[in-house]
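**Student:** got a predicted model here, sequence first, then my questions.
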Protein chains: 2
Amino acid sequence: MTDRTIMIDIGKDLFGANEEAAAHNAELFRQSGIRAIDIMGSVGTGKTQLIEALCEKLRDKYRILMVAGDLATTIDADRVASHGVDTVQINTGTACHLDARMIQVALKDIELSQYQLIFIENVGNLICPAGYSLGVDKKIVVVSVTEGPYMVKKHPLTIKRADMVVINKIDLADAIGFDMGALETDVREVDAKIPVYRVSSKTGEGIDTLVEALDF
Amino acid sequence: MTDRTIMIDIGKDLFGANEEAAAHNAELFRQSGIRAIDIMGSVGTGKTQLIEALCEKLRDKYRILMVAGDLATTIDADRVASHGVDTVQINTGTACHLDARMIQVALKDIELSQYQLIFIENVGNLICPAGYSLGVDKKIVVVSVTEGPYMVKKHPLTIKRADMVVINKIDLADAIGFDMGALETDVREVDAKIPVYRVSSKTGEGIDTLVEALDF
């Protein structure tokens, strides 16, 4: 079981207040000396496994909090908690994304100054999370070689709103016959400058390079 | 290039009118003697490839129209059109699902009586499309062995609102080490009676059984 579960009543959300709440979160993170990372991507791209791999590399250096967004379960938070990392679960019910106020509510009773790093795993979907700022330092979009060849072409706005693209599950690329070069070309057509990293969160390939790139 | 592209201005959508538009569509399909199938699923689960496989089996028996929902591209409609099937593209911009009024707008200049079967490929995301009736006869949710083990556990509402589950890409199950029995158990826990079919749209395995189950 994870540390806590917050049930969000989306009926209470007021459209338009998100940017204000995001600015509030950003200020809170700044004051608390925290770097916050929003990890977006479709279901099954390995967002949780990537966070687990990053926590394994970083947990001796930083105290980490993981905030997990999910419609209905605590599966992801439980997995990360098993690495000795504190977690907060946000169950969104039917909402397809996290927003800044959900983060605000989830963090309000937590003594943030004890943490230096927050990983926020967004709800698994490549569309909606991109539209909502959370107040983080960096938005990473995780795509996987298992998602077919069109996930970048079909989601240009998500790429444009991200700071970094991580191509995950590269250990499966050969078995699936996936062309990673073509995917990187698609990313370049949307955003010529966004950094792209290839990793396997399962085997650990590329994780050290990613940690270095994130300047941890 | 696909037959036509409809740009949807989601700013004009009025919340709550969907059920009414869905009833209108259902009546239109009934009067025109059409069976309409809504195909939902996350990006990269092979919804388009499944429709292509079904069209190959059925295009000599029925005149088919495919309606493709996508944020930004005509990739899916173009693929299906290459099988000699008429297509209509709905580009939703940032909207994460099709709704009944988008279908209404997309079909309004089409002589429907010439068709007997409509496949609607919903926007690639396992959450939002489930919340919007389109007025179809059947909602199929496509999951893929490439999506990791939790896509059913995490999306119980999507399963509950569907009429059938298709597990796609079974040809990759061994390479990925995917447990299809466990996935079917997850489906059964959400809905004890929903039919589940295992297919590979790529190799054709299971497609004949699915066609028979759909009573085409």
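**Tutor:** Arrived safely.

**Student:** who's in contact with the closest residue to A:Pro195 other than its chain neighbours?
**Tutor:** Of all residues not flanking A:Pro195 in the chain, A:Met164 sits nearest, at 5.1 Å (Cβ to Cβ, 6 or more residues apart in numbering or on different chains). C-beta: built from backbone N, CA, C; applies to glycine. For A:Met164, the contacting residues are A:138-141, A:194-197, A:213-214, by Cβ atoms under 8 Å, 6 or more residues apart in numbering or on different chains.

**Student:** B:Leu134: which of those residues is nearest?
**Tutor:** Of all these, A:Val141 has the smallest distance to B:Leu134: 28.9 Å, by Cβ to Cβ.

**Student:** so that closest one: helix, strand or coil?
**Tutor:** Secondary structure, DSSP: H, G, I helix; E, B strand; the rest coil: A:Val141 is strand.

**Student:** for burial, what's the neighbour tally of it?
**Tutor:** 29 (other Cβ atoms under 10 Å in any protein chain shown).

**Student:** SS state for the spatially closest residue to it that is not a sequence neighbour?
**Tutor:** Distance criterion Cβ to Cβ, 6+ apart; nearest residue to A:Val141, sequence neighbours excluded, is A:Ala162 at 4.1 Å. Under three-state DSSP, A:Ala162 falls in the coil class.

**Student:** ditto for A:Ile194
**Tutor:** A:Ile194 ends up coil, using three-state DSSP.

**Student:** repeat for A:Val187
**Tutor:** Under three-state DSSP, A:Val187 comes out as helix.

**Student:** and it, how far from chain B?
**Tutor:** 15 Å (Cβ to the nearest Cβ, to the nearest Å).

**Student:** pretty sure that residue sits against A:Ile159.
**Tutor:** Yes - using Cβ atoms under 8 Å, A:Val187 makes contact with A:Ile159 at a distance of 6.2 Å.

**Student:** which residues do the two both contact?
**Tutor:** A:152, A:165, A:194.

**Student:** not counting its neighbours along the chain, what's nearest the last one?
**Tutor:** It stands for A:Ile194. Spatially, and ignoring its direct neighbours in sequence, A:Ile194 is nearest to A:Val165 (5.9 Å; Cβ to Cβ, 6+ apart).

**Student:** which one's the longest helix in chain A?
**Tutor:** Ranked by number of residues, the top helix in chain A under DSSP state H is helix A:18-31.

**Student:** that helix - what's its average pLDDT?
**Tutor:** Averaging pLDDT along helix A:18-31 yields 95.

**Student:** quick check: mean pLDDT across the following helix or strand past it?
**Tutor:** Note on helix A:18-31: by DSSP states H and E, the next helix or strand toward the C-terminus is strand A:35-40. Strand A:35-40 shows a mean pLDDT of 98.

**Student:** before we move on, what about stretch A:62-78?
**Tutor:** Here the average pLDDT along stretch A:62-78 is 94.

**Student:** and that stretch, anywhere near chain B?
**Tutor:** Yes - counting by Cβ under 8 Å from any Cβ of the partner chain, chain B has neighbours in stretch A:62-78: A:70-73, A:75.

**Student:** narrow those to those in strands?
**Tutor:** Among the residues of stretch A:62-78 next to chain B, the residues falling in strands (DSSP state E) are A:Asp70.

**Student:** need the residues of stretch A:62-78 next to chain B in CSV (columns: neighbour count and distance to A:Leu172).
**Tutor:** Listed next are the residues of stretch A:62-78 next to chain B as CSV, based on neighbours: other Cβ atoms under 10 Å in any protein chain shown; distance: Cβ to Cβ, whole Å:
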residue, neighbour count, distance to A:Leu172
A:Asp70, 25, 24
A:Leu71, 22, 26
A:Ala72, 14, 27
A:Thr73, 18, 24
A:Ile75, 16, 21
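
**Student:** and the gap between the nearest residue to A:Val145 once chain neighbours are set aside and B:Phe178?
**Tutor:** Among residues not flanking A:Val145 along the chain, A:Phe178 sits closest, at 4.0 Å (Cβ to Cβ, 6+ apart). Distance, A:Phe178 to B:Phe178, using Cβ to Cβ, to the nearest Å: 16 Å.
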